[in-house]
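Enquirer: pasting a predicted model and its sequence here:
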Amino acid sequence: MHALIIDDSRTMRSILKRIVHEIGFETTEAANGQEALDVLEAGLVPDLCLIDWNMPLMDGYTFVTRVRADERWRSMTLMMVTTESEHGQIVRALAAGAHEYVIKPFTADAIVEKLELLGLAVREVPA
Amino acid sequence: MTPGGTDGPDVISETNFGFVADLLRRETAMLCERGKEYLVEARLLPLARQAGDPDVDHYVDRLRRDAGERARAVDALTINETSWFRDLAPYQAFVDDVLPRLLAARVDTRRLTIWSAACSSGQEAYSLAMLLDEHLPAGWTARIHATDVSPTMVERVRAGRYSQVEMNRGMPATRLVKYFQRVGSEWEVQPQLRTMVTTQVMNLAAPLPPLPTFDVVLLRNVLIYFDHATKQSILDRVQATIAEDGFLMLGSTETTLDLETTWTRESAGPAGRVVLHRPRHGRAVSRPFPDSSSPAASPHLTLRTGA
Amino acid sequence: MIAIDEPTISDVHAVVEEVWTSFLGSDEPIQIGASTETTSLVDRLMLDDDTWTAAITVTGAWEAMILISVPVPAAGLITVGMLGLDPAEAETCGLEDLTDALGELVNIVGGGVKSLMPGPSALSLPLVAQGAITSTSNLEEVCAVDLTWHGHPIRVSIDVPRTTHGIGG
């Protein structure tokens, strides 16, 4: 499994990277929506994109809209990970095609549980 | 994630751990066995700092002489960090296996009654309420009775307000926007769900108050913290409240103790991983309470040990 | 019409505490109230190079600037905590790491504070500086929370435009 982590903060990319590494993801990083699109255009099709909202050059909402308009990237799961927490913004992101939405701050458990909802992580259940 | 917590192995002394374990057992009937030292340490360290103590051992000395602080410590040790739709599979089993059978069996009354026993802050009760809102046919009603030994927890369920951090824990974004609205720094559950949930302060380890007959009882991740005799008496009392064709759902690591005599088991949910417990016909022979003079036991204790 | 121009101190504190607990752990809680050494430090905060300040602005239905001021050692601890580095590196962490971590911190706190107020509004990208950050617009402080973490004073404050504050009838 491969995750593309899109956030203009290196700190946040590092936090997310550590969490998804723990559950077996490989990662690629991008510092804004445009950089992420460039990564996709270069041929990487990750299973998951973790997407900040507010970024320079291209924000996460625009990135989601662009990705959803392109057949090549249909299989990717898109999860917003952002400090934007207005009810209306979550609705907007979902309508644009984001599959899940995590509001910062979050704990590692929160990310993993969301990935479980999306079928991208399986927690060990004792027999 | 606690990247800040990488201090050296500052482990609580054996004597002090024993004191804390005794305290918990006395106040709550909960077992705190060896090997849980790190957990006690993690839960008590913030309180120690707040009290001005350099470490947990000093804080335990304080506990020996300060009853008010003991109450705070017990609260901190029994905080239940929980998720919406916790473990997912039981909720899938509820929708795929339990609900269709109850819809067939209750076609006369068109009413379901569910008990979220040891409900803590209410995530289980409201998760069920969301599923029922989505899956109950028109004309049906459901009531979810949420009980906990802690009045603070029951009040939280009644208020139906959750912090941002709590909302992140397993709540699908589509349901977040459908069932919650922002109020200040918190999210508040919609009235349509609140009206489905009733609450009551209740101690499972003591004789139960009069209760309706339940179609489903969820008693998840509770029994593991009690000794064998207490578990047995809780299971007996709970069984007496379940309809003959009703269901009991326990935590994934928990079992009914005397399967053959009083319960049957069925596999359900994804890959059959969820166990549904059903009362055997004829019911359990009611047995005396092991020790009615034992201190009030607290069944909501779900010290999370994993994840 | 009643204009509510600022969130309450307790709501702001709740936001800050959630951010701290999520990213910096709960072993060392961030506590409301100034430490004994805080008073003098707070007085110096606006002037001194001993302090890092991170700021973010909110524009839209609510307009404000949210600032977090921390002494240099606390800035180091925040940085290693958020980046998952060895605490021993707190004093030597790179400038880029430090500004990035503080910028993300004020971004998340700012997002939380923004959510307390009527929307819609938008967050700017964060600014981080050693010493004070002063806006050229006519702002005044309407809410300040003094906190203590690892014995260091942390100050979260909210400035709003003078022209709108107090006009509410």
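Expert: Structure's in. What do you need? Numbering: from 1, shown residues only, chains lettered A, B, ... in the order given.
Enquirer: how many residues are close by the residue in chain C that chain B sits nearest to?
Expert: Minimum separation of chain C from chain B (Cβ to the nearest Cβ) falls at residue C:25, amounting to 3.2 Å. Glycine gets a C-beta too; all of them are placed from N, C-alpha and C. Using other Cβ atoms under 10 Å in any protein chain shown, residue C:25 has 18 other residues around it.
Enquirer: for it, give me the pLDDT.
Expert: At residue C:25, the model reports a pLDDT of 82.
Enquirer: so residue C:123 touches residue C:58, yeah?
Expert: Yes - judged on Cβ atoms under 8 Å, residue C:123 makes contact with residue C:58 at a distance of 6.0 Å.
Enquirer: now do the same contact list for residue B:175.
Expert: Residue B:175 is in contact with B:84, B:130, counting by Cβ atoms under 8 Å, 6 or more residues apart in numbering or on different chains.
Enquirer: could you rerun that using 10 Å?
Expert: Counting by Cβ atoms under 10 Å, 6 or more residues apart in numbering or on different chains, residue B:175 touches B:84, B:85, B:126, B:127, B:130, B:131, B:133, B:134.
Enquirer: distance of the first one relative to chain C?
Expert: Same thing as residue B:84. Residue B:84 sits at a distance of 17 Å from chain C (criterion: Cβ to the nearest Cβ, to the nearest Å).
Enquirer: just give me the closest of the contacts of residue B:175 to chain C.
Expert: residue B:84 (17.1 Å).
Enquirer: re earlier: could you check the distance from the residue of chain C closest to chain B over to chain A?
Expert: Going from residue C:25 to chain A by Cβ to the nearest Cβ gives 10 Å.
Enquirer: and for residue B:278?
Expert: Remark: distance between residue B:278 and chain A (Cβ to the nearest Cβ) = 21 Å.
Enquirer: in the host helix or strand of that residue, what's buried?
Expert: In this assignment (DSSP states H and E), residue B:278 forms part of strand B:274-279. Using 16 or more other Cβ atoms under 10 Å in any protein chain shown as the test for burial, strand B:274-279 gives B:274, B:275, B:276, B:277, B:278, B:279.
Enquirer: and the last one, what does it touch?
Expert: This means residue B:279. For residue B:279, the contact set (Cβ under 10 Å, 6+ apart) comprises B:238-248, B:256, B:262-264.
Enquirer: any idea which of those residues is least confident?
Expert: Where pLDDT dips furthest among these: residue B:256, at 76.
Enquirer: and for the residue nearest to residue B:17 when sequence neighbours are not counted, the neighbour number?
Expert: Nearest residue to residue B:17, sequence neighbours excluded (Cβ to Cβ, 6 or more residues apart in numbering or on different chains): residue B:37, at 5.4 Å. Per other Cβ under 10 Å, the neighbour tally for residue B:37 reads 19.
Enquirer: now find how far off-centre whichever helix in chain C runs longest is within its chain.
Expert: Counting by DSSP state H, the longest helix found in chain C is helix C:95-114. Helix C:95-114 sits 8 Å away from the centroid of its parent chain (Cα atoms, centre = their mean, to the nearest Å).
Enquirer: buried ones in whichever helix or strand comes after it?
Expert: The element immediately downstream of helix C:95-114 (helix or strand, assigned by DSSP H and E) is strand C:121-123. Under the neighbour-count criterion of 16+ other Cβ under 10 Å, strand C:121-123 has C:121, C:123 buried.
Enquirer: just give me how far strand C:121-123 sits from the chain centre.
Expert: Centroid separation between strand C:121-123 and its chain, computed with Cα atoms, centre = their mean, is 16 Å.
Enquirer: can you check stretch A:99-116 too?
Expert: In terms of Cα atoms, centre = their mean, the centre of stretch A:99-116 is found 10 Å from the chain centre.
Enquirer: stretch C:134-143 now?
Expert: Mean C-alpha position of stretch C:134-143 versus that of the full chain (Cα atoms, centre = their mean) differs by 14 Å.
Enquirer: so what touches that stretch?
Expert: Contacts for stretch C:134-143 (Cβ under 10 Å, 6+ apart): C:5-9, C:11-12, C:46, C:53, C:55, C:57, C:63-67, C:113, C:127, C:156-163, C:165-166.
Enquirer: of the residues you listed, buried ones?
Expert: Buried subset of the contacts of stretch C:134-143 (neighbour count, 16+ other Cβ under 10 Å): C:5-7, C:11-12, C:53, C:55, C:57, C:63-67, C:113, C:127, C:156-160, C:165.
Enquirer: quick check: which ranges of the stretch 201-307 of chain B have low pLDDT?
Expert: B:258-260, B:281-307 (pLDDT under 70).
Enquirer: quick check, pLDDT for residue B:160.
Expert: According to the prediction, residue B:160 has pLDDT 97.
Enquirer: so what's it closest to, chain neighbours aside?
Expert: Of all residues not flanking residue B:160 in the chain, residue B:189 sits nearest, at 3.8 Å (Cβ to Cβ, 6+ apart).
Enquirer: tell me the contacts of that neighbour?
Expert: Contact analysis of residue B:189 by Cβ under 10 Å, 6+ apart lists B:122, B:125-126, B:129-130, B:157, B:159-162, B:179-181, B:197.
Enquirer: the top helix by length along chain A and chain C, any residue contact?
Expert: Counting by DSSP H, the longest helix found in chain A is helix A:10-22. Yes - between helix A:10-22 and chain C, judged by Cβ under 10 Å from any Cβ of the partner chain, the touching residues are A:10, A:11, A:12, A:13, A:14, A:15, A:17, A:18.
Enquirer: ok, so of the contacts of residue B:175, who is nearest residue A:77?
Expert: Relative to residue A:77, the closest of these is residue B:85; by Cβ to Cβ it sits at 18.0 Å.
Enquirer: burial measure for the closest one, as a count.
Expert: What residue B:85 shows, counting by other Cβ under 10 Å, is a neighbour count of 23.
Enquirer: and for residue B:264?
Expert: Neighbours of residue B:264 (other Cβ under 10 Å): 13.
Enquirer: mind checking how far it is from residue B:238?
Expert: Plainly put, residue B:264 is 15 Å away from residue B:238 if you go by Cβ to Cβ, to the nearest Å.
Enquirer: returning to what we had before: pull out the buried members of the contacts of residue B:279.
Expert: Buried among the contacts of residue B:279 (16+ other Cβ under 10 Å): B:238, B:239, B:241, B:242, B:243, B:246, B:247, B:248, B:256, B:262, B:263.
Enquirer: please convert those residues to TSV, extending it with distance to residue A:120 and secondary structure.
Expert: As requested, the buried ones among the contacts of residue B:279 are exported to TSV (distance: Cβ to Cβ, whole Å; DSSP: H, G, I helix; E, B strand; the rest coil):
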residue	distance to residue A:120	secondary structure
B:238	36	helix
B:239	39	helix
B:241	39	coil
B:242	36	strand
B:243	38	strand
B:246	35	strand
B:247	30	strand
B:248	32	strand
B:256	34	coil
B:262	40	helix
B:263	36	strand
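Enquirer: wait, residue B:226 sits on residue B:234?
Expert: Yes - if you go by Cβ atoms under 10 Å, residue B:226 and residue B:234 touch, sitting 6.8 Å apart.
Enquirer: chain center to stretch C:80-92: distance?
Expert: On the basis of Cα atoms, centre = their mean, stretch C:80-92 sits 20 Å off its chain's mean C-alpha point.
Enquirer: pull the residues that contact that stretch.
Expert: A:9-12, A:14-15, A:17-18, B:1-7, C:20, C:23-25, C:28, C:72-79, C:93, C:97-98, C:100-102, C:104-105, C:150.
Enquirer: again, only this time at 7 Å
Expert: Contact with stretch C:80-92 is made by A:11, A:14-15, A:18, B:3-4, B:6, C:23-24, C:76-77, C:93, C:97, C:101, C:104, as judged by Cβ atoms under 7 Å, 6 or more residues apart in numbering or on different chains.
Enquirer: do me a favour and average the pLDDT over the one helix or strand residue B:176 maps to.
Expert: Element membership for residue B:176 (DSSP H and E) is helix B:173-179. Averaging pLDDT along helix B:173-179 yields 97.
Enquirer: then stretch B:73-85?
Expert: The pLDDT scores in stretch B:73-85 average 79.
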